[in-house]
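K.L.:
Requesting a structural model of the entry that follows:
(one chain, ligands or ions: 1)
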Amino acid sequence: MTTDTKATETRAFEADVSRLLHMMVHSVYSDKDVFLRELISNAADACEKLRFEAVSRPELLGDDPKPRISISADADNKQITVEDNGIGMSRDDMAEALGTIARSGTRAFIERVGTGTEDTQLIGQFGVGFYSAFMVADRVDVISRLAGSDEAWRWSSDGKGSYEIAPAPLEAAPRRGTRVVLHLMDDAVSYTGSYRLEQLAKSQSGHVPVPITLVEKPGAEARDIADGTALWVRPKSEIKPEEYTDFYRSVAGQYDEPAATIHFRAEGRQEYSVLAFVPGSRPFDLFDQDRKGRMKLYVRRVFITDDADLLPRYLRFVRGLVDSADLPLNVSREMIQESPLLASIRKGLTNRVLGDLAKLAENEGEAYAKIWENFGVVLKEGLYEDYERREQLLKLARFHSTTSGEAWRGLADYVAAMKDGQKAIFFMAGDDRARLEASPQLEGFKARGIEVLLLTDPVDSFWVTMAPDFDGKPFKSVTQGVAELSDIPLLDDAKKPDAAATPEVDRFLAFVKSALGDAVSDVKASDRLTESAVCLVAPEHGPDRQFERLMNAAGRLDKAAKPILEINPRHERVLALAGLGDEDQGFKDDAAHLLYDEARVLDGDKPADARAFSERLARLIARGIAKG
Ligand SMILES: Nc1ncnc2c1ncn2[C@@H]1O[C@H](COP(=O)(O)OP(=O)(O)OP(=O)(O)O)[C@@H](O)[C@H]1O
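P.N.:
Alright, predicted model coming up:
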C-alpha cells in the first residue's frame with residue numbers, strides 16, 4: 001500500500017463489504033436507529049484509544065485534553081455529523097478500517113445471512129459497525145486527522161462498490177479526530193429532528209464514558225446531552241435499572257435485558273470496580289473462541305484493553321468491565337496479562353460471579369434456570385477446566401433427569417431424593433434425550449424409582465470422566481460396569497426376579513460368549529434389565545459408552561474397549577433359547593449374533609456386519625415360516 005499518494009484515489013471495497021453494503025441499502029430492517037449507536041461507539045473508542053496513547057505521549061492531547069463527541073444536525077442539507085476529538089485515522093487506517101471487514105461480528109453476520117435480505121433483522125443483534133451508516137445515508141464522508149499528524153484525509157463513498165480517499169485541507173478537517181458526515185436518504189431526514197436525535201443518543205449511548213453534545217442546527221449552541229460520567233463509579237443506590245440496561249446494551253452489544261447485573265467495588269489489598277452482566281440471551285459469538293472484548297479492562301477510567309483474561313473461558317458469556325485503581329497506566333498490554341495484580345482481580349471477579357450466580361440460584365430459581373438454559377453448557381466446561389471451583393460449579397449445575405420432566409434438577413435435590421442403599425449419582429450420557437430415555441440400560445433404575453441424570457451435551461462426557469463426586473457420592477454411568485442394583489428394592493415387589501440365573505441360562509451365556517468371540521469383552525447376566533433382553537455396557541474402568549463413541553468419532557480412540565453384552569436372565573426369549581439345550585447349534589449361533597446386533601441397535605449403532613445380519617435374519621424368518 002502506498003502512503004505518499006496525494007491525489008484522489010478510487011478503490012473497490014472488499015467483496016464482503018460490497019455484499020454487506022448491498023444488504024444495508026436494500027435492508028428491510030425496520031430499526032435503522034442502530035446507526036447512531038455504532039457511530040457514537042466508534043467515536044468513544046477513538047477517544048479512549050487516544051486517552052491510552054496519551055499516557056506515554058501526553059503531547060498528543062495538545063491544548064484539547066478533554067475527550068468529546070459532538071452530534072450536529074442540518075435538516076436543510078439533510079445531514080447528520082458525528083465528530084470526535086479522538087485518535088483519528090491515517091490514510092492507511094482509513095483504507096484498512098473502512099474498506100474491509102475487520103469486525104468478527106460483522107463477518108459472522110454476513111455468514112449468517114448469506115446473500116438473502118430477509119434476515120437483515122439480525123443487524124440489530126449483530127451490530128454491523130460503521131457500515132450501518134448506509135442504512136440511512138446514500139453518501140458518507142469521513143474526514144479524519146490522526147493525533148500528532150499534520151495531514152488530514154477524506155474518505156467518501158455512496159456504498160455502491162467503491163470509495164474514494166483524497167487529502168483534505170487542514171482547515172476543513174477536525175484539528176484532531178474524526179468527522180463522519182451522513183448525507184441522509186429522503187426517508188431518513190426525520191433523524192435530523194433534535195428531539196429524536198437527543199432521545200436516540202441518550203437511550204442508546206447515554207453511558208459511554210465520553211461527554212456528548214448536540215448542535216441542533218447550523219449556528220446553534222452546542223448542548224450537553226450526556227456527561228460521560230462512568231456509570232460504574234456511581235453508587236449503586238443512585239443507578240436506575242434502565243441505566244444499567246442502557247449500559248449493558250452498549251458494553252455487551254446485546255439488545256435484550258440483562259439476566260443478572262454484577263456491580264461492586266473491591267477494596268482492601270486491591271481496589272477495583274466491576275460492572276458486569278449476564279446477558280438475557282445467548283450472544284451470537286458464544287462459541288467463537290477468538291472473540292475479544294467480552295470484558296474490558298480500565299485503569300482509573302482509562303480504557304486499556306478488551307483482550308485481558310479477566311475471567312476464565314467458561315464464564316465467557318459475562319460482558320462488562322473492570323476498572324482497576326492499582327494497575328500501572330503505562331504498562332504495555334502484554335505485560336498487564338502477566339501481572340500478579342491481574343491474576344488477583346481475575347480470582348476475585350470469578351469468585352464474585354459464581355457467588356452471585358449461586359445466590360440467584362437459591363433466591364430466584366426461575367431466573368437462574370433461564371441463565372442455565374442459555375449458558376449451562378458453557379459453565380459446565382468449568383467442571384473439568386477449573387478443578388479448584390468444581391464443587392462450587394457442581395452446586396450451580398442443573399440437569400434433566402428421568403424423573404424431572406422439563407424442570408431442571410440440582411445435585412443437592414438429587415442427593416436428597418436418593419434411595420436407601422443407593423451409593424452413586426447415576427447418569428446416562430448421549431446426544432438425544434428421547435433415545436436416552438428409551439434406553440434398555442435404564443430399565444432396572446426406573447423399576448426401582450432411581451433417578452438417572454440425562455446428560456445430552458457433548459461436554460458432559462468430559463467432566464464426568466474426571467471422576468468428580470458430589471457430597472461424597474461418586475458419579476456413575478448406567479452404561480458402565482456393574483449396576484449394583486440388587487440392594488435396592490423394586491417399586492413393584494411382585495416383579496422381583498428369582499434370585500440367580502438358572503444353570504441353563506448360565507450355559508447359554510457361556511455359549512453366546514464363545515459364539516461372539518472377540519466382538520465383546522464379556523457376556524453377563526444383567527440386573528439392570530427388566531423389559532429388554534439385552535444391552536451393552538462398558539467395562540467398569542475406562543470411558544463409558546458415550547465417551548467411547550465421542551472419542552471414536554473424533555478419531556481419538558485407537559482401539560475402542562470391547563463392550564460387555566448384558567443379557568436379561570429372566571427374559572422369555574432368553575429362557576426359551578437357554579432351554580434349547582445342545583441341539584440346534586446353528587440356530588443358537590444366529591440367535592447369539594442377533595442378540596448382540598439388537599443391543600447395538602438399541603444403543604444407536606448399526607449391526608456389526610450388515611450382510612451377516614441380514615443373512616441371519618433371513619434364516620430366522622425362513623425357519624419361522626417352515627415351522628408354520
Ligand atoms: N470515529 C472513529 N475514529 C477512529 N477510527 C474509527 C472511527 N470510526 C471507525 N473507525 C475505525 O474503523 C474501524 C471499523 O469500525 P466498525 O464500527 O466497522 O468496527 P469496530 O468498531 O472495529 O468493531 P467493534 O465494535 O467490534 O470493535 C474501527 O475499528 C476503527 O479502526
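
K.L.:
Which positions in this structure make contact with the ligand?
P.N.:
38, 42-43, 45-46, 84, 86-87, 89, 97-98, 102-103, 105, 129-130, 178 (C-beta under 6 Å from any ligand atom). C-beta: built from backbone N, CA, C; applies to glycine.

K.L.:
What's the ChimeraX line that selects buried ones from those residues?
P.N.:
Command for ChimeraX, covering only those of the residues of the chain next to the ligand found buried under the criterion 16 or more other C-beta atoms under 10 Å:
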select :38,42,43,45,46,84,86,87,89,97,98,103,105,129,130,178
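
K.L.:
Residue 182: what secondary structure?
P.N.:
strand (DSSP: H, G, I helix; E, B strand; the rest coil).

K.L.:
ok, it touching residue 77?
P.N.:
No. Judged on C-beta atoms under 8 Å, residue 182 makes no contact with residue 77 at a distance of 10.8 Å.

K.L.:
Who has more neighbours out of those two?
P.N.:
Using other C-beta atoms under 10 Å, the more surrounded residue of residue 182 and residue 77 is residue 182, with 24 against 12.

K.L.:
got a list of what that one touches?
P.N.:
35, 79-82, 133, 136-137, 140 (C-beta atoms under 8 Å, 6 or more residues apart in numbering).

K.L.:
quick check, nearest of these to the ligand?
P.N.:
Among the contacts of residue 182, residue 82 lies closest to the ligand (C-beta to the nearest ligand atom), at 7.5 Å.

K.L.:
Would you agree the closest one is in contact with residue 40?
P.N.:
Yes. Contact criterion C-beta under 8 Å: residue 82 and residue 40 qualify, at 6.6 Å.

K.L.:
joint contacts of these two?
P.N.:
69, 71.

K.L.:
Check the residue of the chain found nearest the ligand and give its pLDDT.
P.N.:
Nearest residue of the chain to the ligand (C-beta to the nearest ligand atom) works out as residue 129 at 2.5 Å. Note on residue 129: pLDDT of 78.

K.L.:
shaky segments in the stretch 51-200 of the chain?
P.N.:
Across the stretch 51-200 of the chain, the ranges flagged by pLDDT under 70 are 102-110, 112-128.

K.L.:
make it 90
P.N.:
52, 55-56, 96-97, 99-132, 135, 159-161, 194-196, 199-200 (pLDDT under 90).

K.L.:
can you give me the strands in it?
P.N.:
69-74, 79-84, 137-145, 152-157, 162-168, 177-184 (DSSP state E, counting those that start in this stretch).

K.L.:
and residue 10, which of these is closest to it?
P.N.:
Relative to residue 10, the nearest member of the strands of the stretch 51-200 of the chain by C-beta to C-beta is strand 162-168, separated by 5.1 Å.

K.L.:
on that earlier part again, okay but the residue of the chain closest to the ligand is in contact with residue 38, surely?
P.N.:
Yes. Between residue 129 and residue 38 there is a contact under C-beta under 8 Å: 5.5 Å.

K.L.:
Show the residue spans covered by the helices in the stretch 251-400 of the chain.
P.N.:
Ranges of helices in the stretch 251-400 of the chain, per DSSP state H, counting those that start in this stretch, are 333-338, 340-363, 365-379, 382-385, 390-396.

K.L.:
could I get those as TSV with mean neighbour count and mean pLDDT?
P.N.:
What follows is those, written out as TSV (neighbours: other C-beta atoms under 10 Å; pLDDT from 0 to 100):
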stretch	mean neighbour count	mean pLDDT
helix 333-338	13	74
helix 340-363	16	95
helix 365-379	18	95
helix 382-385	20	92
helix 390-396	19	95
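
K.L.:
picking that back up, which stretch among the strands of the stretch 51-200 of the chain comes nearest residue 21?
P.N.:
Per C-beta to C-beta, nearest to residue 21 of the strands of the stretch 51-200 of the chain: strand 152-157, 8.4 Å.

K.L.:
could you say what helices and strands that closest one packs with?
P.N.:
helix 91-97, strand 137-145, strand 162-168 (3 or more C-beta pairs under 8 Å, 6 or more residues apart in numbering; DSSP states H and E).

K.L.:
Quick check: which of those has the most neighbours on average?
P.N.:
Among the helices and strands packed on strand 152-157, ranked by average contacts under mean count of other C-beta atoms under 10 Å, first place goes to strand 137-145 (a mean of 22).
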